[in-house]
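Asker: model this:
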Amino acid sequence: MDFGANCDLQNLTKSIEQLRTMLDAYNIALAIIDSSKTKIDEMKMFKPPSTPRRKAENRGEVSL
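Answerer: Numbering: from 1, shown residues only. Sure, this is the predicted structure:
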């Protein structure tokens with residue numbers, strides 16, 4: 001089949017395959033981002049409580 005102007009079935013098939021490859025890469029990237037965000041959210045939920053710290057001046061330390 002030839003659709004004119006360099007649009008034959010072979011070129012259309014190649015373009016569709018390139019699009020599928022790009023969509024697969026995009027979906028993989030989204031899955032990685034989603035997984036990372038989930039892990040970060042879980043880490044925030046289980047953040048250990050902070051312990052009160054004495055002021056640096058009281059310990060003779062210099063702070064910036």
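Asker: what separates Ala25 from Leu19, distance-wise?
Answerer: Computed as C-beta to C-beta, to the nearest Å, the Ala25 to Leu19 distance reads 11 Å. (Glycine included, C-beta is placed from N, CA and C.)
Asker: what does Met43 give?
Answerer: Look at Met43 and Leu19: by C-beta to C-beta, they are 36 Å apart.
Asker: quick one: secondary structure of Lys47?
Answerer: Of the three states, Lys47 takes coil under DSSP: H, G, I helix; E, B strand; the rest coil.
Asker: could you pull out the helices for the chain?
Answerer: Along the chain, counting by DSSP state H, helices occupy 9-45.
Asker: mind showing which ranges of it have poor pLDDT?
Answerer: Where the chain drops to pLDDT under 70, the residues are 1-3, 48-49, 51-64.
Asker: now with 90?
Answerer: 1-12, 43-64 (pLDDT under 90).
Asker: tell me the centre residue of it?
Answerer: The centre of the chain sits closest to Ile33, judged by C-alpha atoms, centre = their mean, with a distance of 2.8 Å.
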